[in-house]
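Q: Give me coordinates for this.
(one chain, ligands or ions: 2)
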Amino acid sequence: MKKTFFNFNNTYHKLPKTFYQEIKPKPVSNPKLIEFNFELSKFLNVNNSVADQDQGKLIFSGNNLPAGAKPIAMAYAGHQFGNFVPQLGDGRAILIGEQIAKNGERFDIQLKGSGRTAFSRQGDGRSPLGPVIREYILSESLHYLGIKSTRSLAMVSTGETVLREEPLKGGILTRVASSHIRIGTFEFFFFKEDFSSLKKLADYSITRHFARKNKNKPYEYLLKSVIKLQAELVAKWMSVGFIHGVMNTDNTSISGETIDFGPCAFMDEYHPTRVFSYIDQGGRYSYINQGKIMLWNLSKFAECLIPLLDNNFETAKKKAINCLEIYPKYFEECWLDEMRKKLGFKKKIKDDHILINDFFKIMQSNNMDFTLSFRNLSKITSSKINSFFKKELKASKETKNWFEKWNKRLETENSSRLIISKKMLKINPIYIPRNHLVESVINQAMRENNFSKMRELLELVREPFKEKKSKNSYGLPPKPDEVITNTFCGT
Ligand code: AMP
Ligand code: MG
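A: Ligands and ions are numbered 1, 2, ... in the order given. Okay, here's the model as predicted:
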């Protein structure tokens with residue numbers, strides 16, 4: 001009898017066949033389980049004995065399917081850099097089942113890099129190990145920073161070569177997500193004018209994600225919920241200097257989780273128009289554009305829901321627009337909430353946005369490191385600035401003024417500077433997976449087959465607020481020769 005590692009309860013599989021392709025992962029020649037996420041496994045109620053090398057390498061490579069698995073590749077469409085592609089879909093990922101976690105929540109367990117599917121187009125259905133490592137580290141980091149994200153349960157090397165610009169070691173990531181339903185999944189049916197399937201997808205999404213609060217206007221509720229979740233998500237990204245890099249509608253999850261870690265990165269020096277993807281020449285997905293682009297994506301989602309919002313087109317359109325109009329103000333509020341916390345403000349005061357924006361201007365004009373600036377601001381416990389700012393700041397009148405205003409503003413908090421500082425140190429991280437660190441971890445893994453640096457970095461990003469003296473260098477920006485300007489794109 002097969003050992004039971006998961007307690008799958010598969011619901012997406014019950015939707016019509018137009019929603020997916022039934023397909024098994026293609027076995028790989030020499031799999032090895034490199035990393036297994038015990039903490040996540042416990043939360044998911046997965047039997048930990050699946051992490052034994054002999055089992056794990058077979059399960060997480062897709063060579064053996066666990067009991068209860070119903071493997072499928074999901075269909076979806078999407079706008080990539082503003083251009084509509086009617087069919088994308090899981091070209092290199094296979095959903096093996098839906099796991100019910102200890103708390104009763106449902107999670108997709110998906111193998112990414114598991115072979116060709118009906119949606120692979122020209123692709124090989126595989127993934128190099130580098131992007132698997134990147135996704136594992138970045139998704140863990142976001143999770144521990146309190147930012148919703150898909151997660152990583154396991155990492156496998158395949159023993160096979162994947163051909164990109166050069167031959168690379170292959171890998172498979174086990175991705176865990178609240179669901180893999182994207183705005184692009186709705187676009188897939190909307191484009192085909194298959195409104196019956198569209199309704200099924202919307203109803204399924206509501207049941208799966210928004211059931212508890214679903215009242216009498218279900219589709220408006222769905223739209224408003226996704227709008228709010230995404231506004232909250234993008235504000236959180238921006239609060240840690242995270243740039244997603246490929247905010248296409250197929251990479252926008254309706255559950256509000258960060259999904260798809262392609263050319264994403266945390267900024268070192270603050271620059272509002274920063275991008276990491278070399279194909280994003282126009283800066284469509286730059287740091288500062290993320291809030292606006294999400295509204296663009298959400299407008300595509302709203303468009304898909306028009307057939308469901310009302311039988312009368314004009315009325316439906318009006319309803320969609322009314323929902324979208326929530327976004328700008330709500331996003332601004334979310335952003336302000338995040339930034340207030342970063343500056344030590346609990347109270348909401350009218351002109352806070354000026355103080356916040358001025359701090360960003362100071363960072364920009366002095367080429368200051370995003371993470372370290374907020375971290376060092378958190379360490380100030382009196383009206384005097386610390387050595388970090390003394391060194392970084394040109395003694396301009398503006399910056400002196402800013403600190404005076406900030407001190408005054410903190411006086412209105414009715415809290416001691418020590419307490420404020422302690423709170424800020426729990427909001428402003430020291431350890432983020434800086435690009436040069438991720439790159440060096442990947443290099444060590446690819447060249448030496450050594451994962452020790454990767455594990456060290458993982459350990460640090462799982463406690464991002466806790467400074468460890470012996471790990472000082474992990475909290476520092478790159479030296480000039482370590483700076484990475486582009487991140488993985490051709491994954
Ligand atoms: P992404 O850039 O990861 O969001 O992927 C965009 C689309 O390309 C999705 O439909 C993917 O499944 C597909 N895709 C990306 N890489 C591959 C690959 N190596 N083989 C097959 N399909 C791929
Ligand atoms: Mg994608």
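Q: The stretch 1-150 of the chain against ligand 1: which residues are in contact?
A: Within the stretch 1-150 of the chain, the positions adjacent to ligand 1 are 88-92, 119-120, 123-126 by C-beta under 6 Å from any ligand atom. Where C-beta positions appear, they are placed from N, C-alpha and C, glycine not excepted.
Q: From those residues, list the buried ones, please.
A: Among these, those classed as buried by neighbour count (16 or more other C-beta atoms under 10 Å) are 88-92, 119-120, 125-126.
Q: Please name the residues that touch the closest residue to Leu163 other than its chain neighbours.
A: Of all residues not flanking Leu163 in the chain, Asp124 sits nearest, at 7.3 Å (C-beta to C-beta, 6 or more residues apart in numbering). Asp124 sits next to 92, 116, 162-163 when contact means C-beta atoms under 8 Å, 6 or more residues apart in numbering.
Q: thinking again about what came up before, sort out which one of the buried ones among the residues of the stretch 1-150 of the chain next to ligand 1 lies nearest Lys224 for me.
A: Among those, Leu88 lies closest to Lys224 (C-beta to C-beta), at 26.0 Å.
Q: Spell out which residues of the stretch 151-300 of the chain are next to ligand 2.
A: Within reach of ligand 2 by C-beta under 5 Å from the ion, the stretch 151-300 of the chain has these residues: 251, 260.
Q: what are the ranges of the helices in the stretch 151-300 of the chain?
A: 183-191, 195-209, 218-239, 290-309 (DSSP state H, counting those that start in this stretch).
Q: For the ones you listed, state which one has the densest average packing.
A: Of the helices of the stretch 151-300 of the chain, the one with the most neighbours on average (mean count of other C-beta atoms under 10 Å) is helix 183-191, at a mean of 26.
Q: Would you map the strands across the stretch 251-400 of the chain?
A: For the stretch 251-400 of the chain, applying DSSP state E, counting those that start in this stretch gives strands covering 265-266.
Q: Can you list the low-confidence ranges for the stretch 1-150 of the chain?
A: Scanning the stretch 1-150 of the chain with the threshold set as pLDDT under 70 gives 1-2.
Q: Next up, the contacts around the residue of the stretch 301-450 of the chain found nearest ligand 1.
A: Of all residues in the stretch 301-450 of the chain, Phe301 sits closest to ligand 1, at 16.9 Å by C-beta to the nearest ligand atom. Phe301 makes contact with 183, 186, 223, 226, 249, 252, 254, according to C-beta under 8 Å, 6+ apart.
Q: what about 6 Å?
A: Taking C-beta atoms under 6 Å, 6 or more residues apart in numbering as the contact definition, Phe301 lies against Ile183.
Q: any idea how far it is from ligand 2?
A: Separation of Phe301 from ligand 2 (C-beta to the ion, to the nearest Å) stands at 16 Å.
Q: Do you know the pLDDT at that residue?
A: Per-residue pLDDT puts Phe301 at 99.
Q: go on, Asp268?
A: 97.
Q: That one touches Lys479, doesn't it?
A: No - contact criterion C-beta atoms under 6 Å: Asp268 and Lys479 do not qualify, at 10.9 Å.
Q: Who has more neighbours out of these two?
A: Shown here are Asp268 and Lys479; by other C-beta atoms under 10 Å, Asp268 has more neighbours (24 against 9).
Q: low pLDDT regions in the stretch 301-450 of the chain?
A: For the stretch 301-450 of the chain, the ranges with pLDDT under 70 are 394-395.
Q: Dihedrals phi and psi, His79?
A: phi -90, psi 120 (degrees, to the nearest 10).
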